[in-house]
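Trainee: Okay, here's the prediction I keep looking at, along with the sequence it came from:
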Amino acid sequence: MRWFNLNLPVPADNARKTWDTTTDPRTLVSAVFSMVAPIETEIFASGLGRLTGVTEPLAEALAATDFTGYRLAPATTEPTEFPNDYGLDPSTLVFPRVYALQITGQPGVDDFAKTYTFVLSERITDFLCARDPTLSSKYRRREVDISGGPVRGTISE
């Protein structure tokens, strides 16, 4: 099995998370993404808060698969509280319905896993890249080992 990391676009400068700490491990209950740019891919990241989001169409597509190692939590978007730091006026942006993607998987076992970085199985990477070819670029898709470290001498396009 091959493993990959995707360098996701970052249209959110922050993500605030609400956790259920009565579970072990804790469970993401909801999230709010503070947006600074349009969402241009179905899967995206936040800068601070280190959270991945997905659009509703991708959430529905994931739910219809047998991919493992993740759960979806309701999420909302809001304009950033620092609009002068960015070129666009975030209050004028319109965003689709989104969900937060909580990674729960184990590397080498599940399709979604997290070590010190986001690690994806080849089958989920192919699924995401087929839905959004911009993720297939050698600048976005990188083969990694099971721990998330780069695999030398490979280019994945």
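Mentor: The structure has been received and is ready for your questions.
Trainee: Check which helices and strands the lengthiest helix in the chain sits against.
Mentor: Counting residues, the longest helix in the chain under DSSP state H turns out to be helix 122-131. Packing contacts for helix 122-131, counted by 3 or more Cβ pairs under 8 Å, 6 or more residues apart in numbering; DSSP states H and E, involve strand 3-6, helix 56-63. All C-beta atoms are positioned from the backbone trio N, CA, C, and that covers glycine.
Trainee: Give the buried residues for the helix or strand just after that helix.
Mentor: Scanning forward in sequence from helix 122-131 by DSSP states H and E, the next helix or strand is strand 141-144. Neighbour counts over strand 141-144 (16 or more other Cβ atoms under 10 Å) mark R141, R142, E143, V144 as buried.
Trainee: so the last one makes contact with S121?
Mentor: No. With the criterion set as Cβ atoms under 8 Å, V144 and S121 do not qualify as a contacting pair; they are 11.1 Å apart.
Trainee: ok so, going back, ok and the longest helix of the chain relative to helix 56-63, angle-wise?
Mentor: Using axes from the mean of the first three to the mean of the last three Cα atoms, to 10 degrees, the direction of helix 122-131 lies 150 degrees away from that of helix 56-63.
Trainee: Now list whatever residues contact both of V144 and S121.
Mentor: Listed contacts common to V144 and S121 are W3, F4; contacts here mean Cβ atoms under 8 Å, 6 or more residues apart in numbering.
Trainee: related to what we said a few turns ago, so which of the helices and strands packed on helix 122-131 is nearest T18?
Mentor: helix 56-63 (18.0 Å; Cβ to Cβ).
Trainee: contacts for the closest one?
Mentor: Residues outside helix 56-63 that contact it (Cβ under 8 Å, 6+ apart): E42, I43, V54, Y70, L72, P96, R97, V98, Y99, L128, R131.
Trainee: Show me which residues of the longest helix of the chain are buried.
Mentor: Judged by neighbour count (16+ other Cβ under 10 Å), helix 122-131 contains these buried residues: I124, T125, F127, L128, C129.
Trainee: Please identify which of the residues you listed is nearest to T92.
Mentor: Among these, and counting by Cβ to Cβ, the member closest to T92 is L128, at 28.8 Å.
Trainee: Just list the residues touching the residue nearest to that closest one when sequence neighbours are not counted, thanks.
Mentor: Spatial nearest neighbour of L128, chain neighbours left out: L135 (5.6 Å); criterion: Cβ to Cβ, 6 or more residues apart in numbering. With contact set as Cβ under 8 Å, 6+ apart, L135 has these partners: L6, T41, I43, L128, C129, R141.
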